[in-house]
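# Next comes the sequence, and after it the predicted model I'd like to discuss.
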Amino acid sequence: MLDLGTRIRRNLIRHPFRTVAIDDQRSWRGGVMLLLIQHIARKIRQTTDAERIGVMLPTSGLFPAAVVAGWSAGRTVVPINYLMSRDDLDHVARDAGLDTIITVDPMLQFVGGLPEGTKALRLEDVKLGGMPPLTRGHRWNADDLAVVLYTSGTSGRPKGVMLTAGNLSANVEQVRNWATFTRRDVLFGVLPQFHSFGLTVLTLMPLSVGCGVVYSAKFVPKRVLDAIRKHRPTAMLGIPGMYNALRMQKSIAPEDFESLRYIVSGGEPLSDDVYEGFKERTGREITEGYGLTETAPVTNWCMPEDNRRGTVGMALPEITQRIIGDNGEVLPTGRDGEVRIKGPNVMKGYLNLPDETAAVFDEDGFFRTGDMGRIDEDGFLSITGRIKEMLIIGGENVFPREIEEVLNKHESVKDSAVIGMPDPSRGEVALAFVELNDDAEFDAGALRTHCRSGMAQFKVPRDIRLVSELPRNPTGKIVRRMLSPDTPSEG
């Protein structure tokens, strides 16, 4: 099977006048995107010899052009989450060994400059001016490292998930075959393309299959609704908070969604309020899917014709799932345990972290998801909880420790603990509890201001509460599970 980059380039060559993408700025015909890919690839070769190239771009047609250009030049691509803190951006650049990042001036202004030790390959400097020679481009073997996607690590530092060319090709085929996508489909999405869901399903899959795709760089409910009405997509992919905001629009009507074959939610649990509220306003049901960055990402998807509320559907082709009990035994249907996954889409490992890589695979080669779930008699998976203490805020993974480390740097804080609190728009938000140093005064507003200076806005605790003493086990370790949103503040 041809690697994704080659397949995408061939599609663009065969259909040069077909509109392959529409974004906030323009529509992209196949020939124009191919031209841009060729010029960016040539610029990469002229600019850097590093084996990895960073991509920091808004959700748009520019992003797939940059990724495919990186592959054409034989480079592993590192999509960069521009919502990260400055410290995390610098860490990603160092960890991935980046010296060059493909970007545009507005993005540099948004993040306040380049990560430490890198230079920009500005797309404003890439002059199209005629078609360069159509070079064959680098051919990728299935085991070659194609992408490194950074996700939150247990220590609070982002860790690089290594996805091979084979991982990405496998998941593109799994999604295409499961949902029977064809050239007649048009996908709509505002999920960031640095996120695994946005990269595989909204970027690589459409260009590989020949679907059209409509991008919006920012989720603005009215703008999104207008775009759906104008472009009549056949599939929409989002997170629960997006559907919640859409159903609140006064002008929303059932006919707005008549063109959609699929209305899919992922990234976090879909609450009954959002599900029922959206159905009441539109007459359409949202179906849920499941996956992780480490699985490239989609592993399960509930189809509309067999939508079982409370499940994320059956496993996609070539994926094997097990439910494992506390003692390592494989549990029967209907029993809760850890969800473990095996398949050609499962990652190669974590970059520069061999111990963490070894720990996350069991003796049979199954990936330990850290999520609790059960599988029913028909093979439908339900996610029932999390073993890990990770929060999922607006579809992004956040570990309590990374917030606690920022809080603990404040001069008034002796120690802190962070848990999740349900939120109708974001699924979950951070709730912090603090112990203060002797004679310190409690000021929740000042602590939140302190947090804003040290982390991305979506990670800042929605509420900070004072406790005289955080719950600890006999060895002194804080026990977060003994705290809850019902725990009152003492100050």
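Okay, I see it. Since this is a predicted model, take the numbers as computed values, not measurements.
# mind checking which helix or strand of the chain has the lowest mean pLDDT?
strand 396-398 (a mean of 80; mean pLDDT, DSSP states H and E).
# For residue 55, grab the count of nearby residues.
The number of residues packed near residue 55 is 24, by other CB atoms under 10 Å. C-beta: built from backbone N, CA, C; applies to glycine.
# Give me the residue ranges of the protein where confidence is low.
Low-confidence segments of the chain (pLDDT under 70): 1, 130-135, 152-156, 388, 473-477.
# strand partners of the least confident helix or strand of the chain, parallel vs antiparallel please.
Paired neighbours of strand 396-398 in the sheet (DSSP bridges): strand 391-393 (antiparallel).
# Assign residue 151 to helix, strand or coil.
State at residue 151, reduced to three classes by DSSP: H, G, I helix; E, B strand; the rest coil: strand.
# need the contact list for it.
158-159, 161, 293, 397 (CB atoms under 8 Å, 6 or more residues apart in numbering).
# Skip the chain neighbours and tell me the closest residue to it.
Distances taken as CB to CB, 6 or more residues apart in numbering put residue 293 closest to residue 151, at 4.7 Å, once the chain neighbours are dropped.
# got the domain boundaries for this protein?
4-381, 391-482 (automatic domain parsing).
# hey, what's residue 122 bridged with?
Counting by DSSP bridges, the residues bridging with residue 122 are residue 103.
# Residue 101 is in contact with that one, correct?
No - with contact defined as CB atoms under 8 Å, residue 122 does not count as touching residue 101 (9.6 Å).
# okay, these two: which has more neighbours?
Neighbour tally, residue 122 and residue 101, criterion other CB under 10 Å: the higher count belongs to residue 101, 25 against 15.
# The more buried one: which element?
Per DSSP states H and E, residue 101 falls inside strand 100-103.
# Helices of the stretch 51-200 of the chain, start to end?
For the stretch 51-200 of the chain, helices defined by DSSP state H, counting those that start in this stretch occupy the ranges 62-72, 86-96, 105-111, 165-179, 196-199.
# Most tightly packed of those helices?
Of the helices of the stretch 51-200 of the chain, the one with the most neighbours on average (mean count of other CB atoms under 10 Å) is helix 62-72, at a mean of 28.
# That one vs helix 165-179, what angle?
With axes from the mean of the first three to the mean of the last three CA atoms, to 10 degrees defining the directions, helix 62-72 sits at 130 degrees from helix 165-179.
# packing partners for helix 62-72?
helix 4-14, helix 30-47, strand 52-56, strand 76-79, strand 100-103 (3 or more CB pairs under 8 Å, 6 or more residues apart in numbering; DSSP states H and E).
# In CSV, list those along with distance to residue 129.
Listed next are these as CSV, based on distance: least, CB to CB, whole Å:
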stretch, distance to residue 129
helix 4-14, 19
helix 30-47, 8
strand 52-56, 22
strand 76-79, 25
strand 100-103, 19
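# I'd like to know which of the ones you listed lies nearest to residue 309.
Nearest to residue 309, of all the helices and strands packed on helix 62-72, is strand 76-79, at 33.1 Å by CB to CB.
# Can you tell me what sits against the closest one?
Residues contacting strand 76-79 (CB under 8 Å, 6+ apart): 51-56, 63, 66-67, 70-71, 92, 96, 98, 145-150, 160, 193-194, 199.
# Is it correct that residue 148 is in contact with residue 96?
Yes - judged on CB under 8 Å, residue 148 makes contact with residue 96 at a distance of 5.7 Å.
# which neighbours do those two share?
With CB under 8 Å, 6+ apart, residue 148 and residue 96 have common neighbours 52, 78, 160, 351.
# So which of these is the closest to residue 460?
Nearest to residue 460 among those is residue 160, at 24.8 Å by CB to CB.
# What count of nearby residues applies to that closest one?
When neighbours are counted by other CB under 10 Å, residue 160 comes out with 24.
# contacting residues around the closest residue to it other than its chain neighbours?
Leaving aside its chain neighbours, residue 160 sits nearest to residue 351 (3.4 Å; criterion: CB to CB, 6+ apart). Counting by CB under 8 Å, 6+ apart, residue 351 touches 95-96, 148, 159-162.
# List just the nearest of the residues you listed to residue 331.
Comparing those against residue 331 with CB to CB places residue 161 closest, at 27.0 Å.
# That closest one and residue 352 touch, don't they?
No - using CB under 8 Å, residue 161 is not in contact with residue 352; the gap is 11.8 Å.
# excluding its backbone neighbours, what's nearest the residue nearest in space to the middle of the chain?
Nearest residue to the geometric centre of the chain (CA atoms, centre = their mean): residue 195, 3.0 Å. Once flanking residues are discounted, residue 195 sits nearest to residue 395: 7.1 Å by CB to CB, 6+ apart.
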